[in-house]
Each structure stands twice: as C-alpha cells, then as structure tokens.
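# What would the 3D arrangement of this be:
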Amino acid sequence: MSTRFFTQEHLWRSRTIVSARPGIIRSIEMTYPDSSSQSFELNVFSPDSVYIKSLQSGEVMRNRDRVKTNLFLNSFRNLTYEGLIIPSDPIYSRKDSLLASNPVFRLKLTDIDGKVTTLSGYRIKGPEESLNPELEPQQFDPDRLHGFINDDKMVLLQYFGLNPILKPKDYFLK
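This is a model prediction of the structure:
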C-alpha cells in the first residue's frame, strides 16, 4: 500500500494558464508567424464595444460576428495546459533554442488591471511510427505542442484544449 501524499509539486499544482471572465479582458493579441494575414488584436472597451483589427494591415474588422467573438472571449475562463515540463525532462535542456525559434502562435492577454499573460506554442517533432492520412510519416505531433507561459514556465499543451482560442482573424467574419 502506497501513501497518498507526494511532494512533487508539479503533479498537484494548478494547470491554469489563464482564468479570465470576458468582463476583465482588455485586449487579446494573437500572432501567427507563419500566417501573418490571420494575426489580430481584439480590444474590449465595454461588453458592447469590441474591436478586432488585423495586425498585418492595422485595419479594423467591420463585419464581425458577435456570437463567435463572445465564444472566443469566454474560452479564456479556464485555459489549461496538460503538464509542466521540469528540468529533469530531456526537452527542458532545449528551452533556449525553442524560445529562439518561431512559434506556431503567440498569445498576449491583457486584463483591465494591466496584467499581461503570454502563451506561445512550438511544434513537437512527430513520432516516427505516426502516419498522416496519406500514410506518410508525420512531420509534427498532431496532438501536442511545447509551450511557454510568460516566456519562463515551460509546459506541454494540447491542440484539443487550445482549439477554442486558436482562431484566425477570418473566423470572426460574418
């Protein structure tokens, strides 16, 4: 019989990236380095005053879908990661090289008090035994990403959990 108490903090601590109600979000910036035309900034001035602008052109989106915008904002109520990557994990030694590479996405959320939370995601090399629908080896893991919260906490992310926030600018069009 083993004890139920364990001292490995990374196994029992909260896995929350951000927990923000729409009413406390001031702005969200989503940058997609490989698709800069889909990068955007969403600014919330009041519940009825939300603006989305292209980071590439600076142009404000005129034909915004309010339902999709509200769903997107509500996705930040409980955004979590799968697991903490700690110094004893082999990938941890590549932390600096990952941070120096281009991420798949970079999120910057600013709340009404000015507190900024950033999250960036980096592709993981696909397992050799994994095949795509054309029966070719997959270049990247289809389920997970390495991530950094505020550029210091290294975490394992799941596409499934991030799906509600990984939206291109065109997602918000009516």
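
# Grab the longest helix from this protein for me.
Ranked by number of residues, the top helix in the chain under DSSP state H is helix 66-74.

# In that helix, which residues are buried?
Judged by neighbour count using 16 or more other Cβ atoms under 10 Å, the buried positions of helix 66-74 are 69, 72-73. C-beta coordinates here come from the backbone N, C-alpha and C atoms, glycine included.

# likewise stretch 138-145?
Buried, per 16+ other Cβ under 10 Å, within stretch 138-145: 144-145.

# CA atoms only for it - export them in PDB, please.
The C-alpha trace of stretch 138-145 is given here as PDB (Å, rounded to 0.1, in the frame of the first residue of the first chain):
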ATOM      1  CA  GLN A 138       4.000  12.900 -39.800                       C
ATOM      2  CA  GLN A 139       6.500  15.800 -39.500                       C
ATOM      3  CA  PHE A 140       4.900  17.100 -36.300                       C
ATOM      4  CA  ASP A 141       2.900  15.700 -33.400                       C
ATOM      5  CA  PRO A 142      -0.800  16.200 -34.300                       C
ATOM      6  CA  ASP A 143      -1.900  16.400 -30.700                       C
ATOM      7  CA  ARG A 144       0.600  18.400 -28.700                       C
ATOM      8  CA  LEU A 145       2.800  21.400 -28.600                       C
END
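
# returning to that earlier point: okay if I get the buried residues of helix 66-74 as TSV plus pLDDT?
What follows is the buried residues of helix 66-74, written out as TSV (pLDDT from 0 to 100):
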residue	pLDDT
69	95
72	96
73	96
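
# Let me have the residues you listed in JSON lines, extended by distance to residue 24.
Listed next are the buried residues of helix 66-74 as JSON lines, based on distance: Cβ to Cβ, whole Å:
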{"residue": "69", "distance to residue 24": "16"}
{"residue": "72", "distance to residue 24": "15"}
{"residue": "73", "distance to residue 24": "10"}
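
# Could you look up the SS state of residue 91?
The three-state label given to residue 91 by DSSP: H, G, I helix; E, B strand; the rest coil is helix.

# hang on, isn't it packed against residue 84?
No. Residue 91 lies out of contact with residue 84 (Cβ atoms under 8 Å); the separation is 11.9 Å.

# which neighbours do these two share?
residue 154 (Cβ atoms under 8 Å, 6 or more residues apart in numbering).

# Compare these two and say which is more crowded by neighbours.
A side-by-side neighbour count of residue 91 and residue 84, using other Cβ atoms under 10 Å, places residue 84 first with 16 against 12.
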